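Enquirer: The sequence and its predicted three-dimensional model are supplied below.
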Amino acid sequence: MSDLDHAPERPALPEAFSPLAKLGLSVVAGAAVTWFFVSWLVLGSPLTDAIGETAGSLAVLLLVISIIGMARSDD
């Protein structure tokens, strides 16, 4: 018999994201993919421009979320 047979069980890890955070992440990812395809296929932007527009939009969105989070954390 090894020591592993009698090892205590580890407690379950807490979820990394709340359900609201998962929903928000899904919405942002869906909007980014949608914007990429609209820019590339509908507006006729070259592929690299569409990728750049999507990356830039996500960077601005992350900046806005960071500013809102900072403002909410200040008491």
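Expert: Good, I have the coordinates.

Enquirer: Point out where the protein drops to low pLDDT.
Expert: 1-8, 13, 75 (pLDDT under 70).

Enquirer: in it, which spans are strands?
Expert: Remark: strands of the chain are absent; assignment by DSSP state E.

Enquirer: what's the longest helix in it?
Expert: Of all the elements of type helix in the chain, the one with the most residues (DSSP state H) is helix 47-73.

Enquirer: Buried residues in that one, which are they?
Expert: 50, 53-54, 57 (16 or more other C-beta atoms under 10 Å). Heads up, the C-betas are built off the backbone N, CA and C, glycines and all.

Enquirer: Including distance to Glu9, could the residues you listed go into a markdown table?
Expert: Below are these laid out as a markdown table (distance: C-beta to C-beta, whole Å):
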| residue | distance to Glu9 |
| --- | --- |
| Ala50 | 49 |
| Glu53 | 49 |
| Thr54 | 44 |
| Ser57 | 45 |
